[in-house]
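> Predicted model and sequence below, questions to follow.
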Amino acid sequence: MKIGVQEQLALLKLGDPKVLESIYKENESKFIHWAQRNHHVSEEEAKDLFQNCVIICYENVVSGKLTELNCTIGTYLFSIGNNLIKAFLRKKAKQPLSIEEIRELDVPEEVYAITVNPGKIVSVLDGLGQRCKELLLAATSTAFKSEEMAEKLGYPSAEMYRKKKHECLKKLKGDIQEKKMVIEDFLE
Amino acid sequence: MNEDEAFYEQIENYLAGNISPQEKARFEEQIRLDAHLAQEVEALRTARFVLKTGALLDIKEQLRGYSKELEKGDKKKGKVVFPHPWVWAVAASVVLAVGLFLWIGKGNTNEQLFAEYYRPYPNFVAPVKMGEQDYSYSDTTKRKAFFAYDQGSYKDAIPLFKQCLVDQNDSVVTYYLGNAYLGANLPKEASETYLPLLQLEGKGFLFFIQTQWYLSLCYLKMNRLQEARQILETIRSSKNEYSERADQLLMKLD
């Protein structure tokens, strides 16, 4: 059953994986075809860029930056893609964009810098233990209130969820301070 | 919220840009004057980056999975080749062998599914670090029981929980007794603990959904698939935090 754009956005905000999956699967091949034809990128590059477009779209929905659309999600993904491909081609030509240019293109710095060393990120997160890792990642990738998060993650109350989240964040901060790590240490 | 939590929240709001320009200027002045605060802000900025990037990497992994599924679909839709009759004979024997393997391996599949979905429920009642404000556990037996549970020593926890229940009937302790049974690989005993708990306490019970979920896992482990499916269907239709995993598990059982 097809659902409307607003409904898709609402479900995406609720973290419905099925909507994310259908958005991805409906648009991947169209995007790859378009990117290859118009921007001369390889299939693998186009696929990677498309994944980043979906991530940006998801981020914008979860953060509340995107609440309504007058076009289809596919069209919106293509508009993100346009900016993202510009940033990518500049980077490929060894003329990476400045932080200001990235901001102008409205490409989140984290996505642009997704060429971080994933191993290092994963290693720090794994050091937190499964429960803390899950909690903090869930809290980061969704915009639910504490009450909703508590219910979603199976904590008996919002208060307990908040306490646990604070404990976990404190542990992460402690690990980072102990190893004297800064953001640059995670970039490739 | 205690002082420490409020301090973190203040830094979080600053890093997320959730404060007014005036507050921002004031806070930056504080950072300039206070070296300790500056260190805390920097460490939390890095923590924020790690979490944000970690979350993005997670989603990216999920998307890569969808992409692989599409690729597989494309390959399936690809060129159709009609093989020679002898190929059909070989294929038929392979299908038969695979079918036989799946049939023999069915018990093992349920075990694998159990291992995939079973995660011990955390101890929220008497956690070591979180204080005693949410539940009174002043008596030593209960303290020992939850301590053993926390350590994953489920066999030690079982008699202690039972002793607590002799002293006083308590639905939360009963729920954790069921969890301890399941953790100790005693699904029959666990199901016999969970089932009356659900019937007696009903939907108002604090751990109602969780009890349903773990009961379904007991049935899965005991190969009582019809009962497992029934409960999973209920969880799936009641739209809660366990619905999604119930849905996934049901699909894998089909």
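Thanks, I have it. Numbering: from 1, shown residues only, chains lettered A, B, ... in the order given.
> Does B:Lys24 touch B:Tyr14 like I think?
Yes: the pair B:Lys24 / B:Tyr14 is scored as a contact, 6.8 Å apart, by Cβ atoms under 8 Å. Just so you know, the C-beta spots here come from the backbone N, C-alpha and C atoms, and that holds for glycine as well.
> more neighbours, the two?
Per other Cβ atoms under 10 Å in any protein chain shown, whichever of B:Lys24 and B:Tyr14 has more neighbours is B:Tyr14, with 19 against 14.
> picking that back up, okay, and the common contacts of B:Lys24 and B:Tyr14?
Shared contacts of B:Lys24 and B:Tyr14, defined by Cβ atoms under 8 Å, 6 or more residues apart in numbering or on different chains, are absent.
> burial measure for residue 59, as a count.
All of this refers to chain A. So A:Glu59, with other Cβ under 10 Å, has 19 neighbours.
> wrong one, I was asking about chain B
B:Ile59 has 17 nearby residues by other Cβ under 10 Å.
> For B:Phe207, the count of nearby residues, please.
When neighbours are defined as other Cβ under 10 Å, B:Phe207 has 24 of them.
> Check for me that A:Gln51 belongs to a helix.
Yes: per DSSP: H, G, I helix; E, B strand; the rest coil, A:Gln51 lies within a helix segment.
> Quick check, pLDDT for it.
Per-residue confidence (pLDDT) for A:Gln51: 92.
> now do A:Leu20
Taking A:Leu20 on its own, its pLDDT is 92.
> Give me the helices and strands touching the host helix or strand of it, please.
Using DSSP states H and E, A:Leu20 sits within helix A:17-39. In terms of contacts (3 or more Cβ pairs under 8 Å, 6 or more residues apart in numbering or on different chains; DSSP states H and E), helix A:17-39 is packed against helix A:5-13, helix A:43-62, helix A:73-92, helix B:35-77.
> 10 Å instead, please
helix A:5-13, helix A:43-62, helix A:73-92, helix B:35-77, helix B:243-253 (3 or more Cβ pairs under 10 Å, 6 or more residues apart in numbering or on different chains; DSSP states H and E).
> Of those helices, which stretch is the most buried?
helix A:43-62 (a mean of 21; mean count of other Cβ atoms under 10 Å in any protein chain shown).
> export it as CSV, just CAs?
Output of helix A:43-62 as CSV, limited to C-alpha atoms (Å, rounded to 0.1, in the frame of the first residue of the first chain):
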residue,chain,number,x,y,z
GLU,A,43,28.2,3.1,-9.9
GLU,A,44,29.9,2.4,-6.6
GLU,A,45,30.4,6.2,-6.0
ALA,A,46,26.8,6.9,-6.9
LYS,A,47,25.6,4.2,-4.6
ASP,A,48,27.7,5.6,-1.7
LEU,A,49,26.5,9.1,-2.4
PHE,A,50,22.9,8.0,-2.5
GLN,A,51,23.3,6.3,0.9
ASN,A,52,24.6,9.6,2.3
CYS,A,53,21.6,11.5,0.7
VAL,A,54,19.2,9.1,2.6
ILE,A,55,21.2,9.6,5.8
ILE,A,56,20.9,13.4,5.4
CYS,A,57,17.2,13.2,4.7
TYR,A,58,16.8,10.9,7.8
GLU,A,59,18.8,13.3,9.9
ASN,A,60,16.8,16.3,8.8
VAL,A,61,13.5,14.5,9.6
VAL,A,62,14.7,13.3,13.0
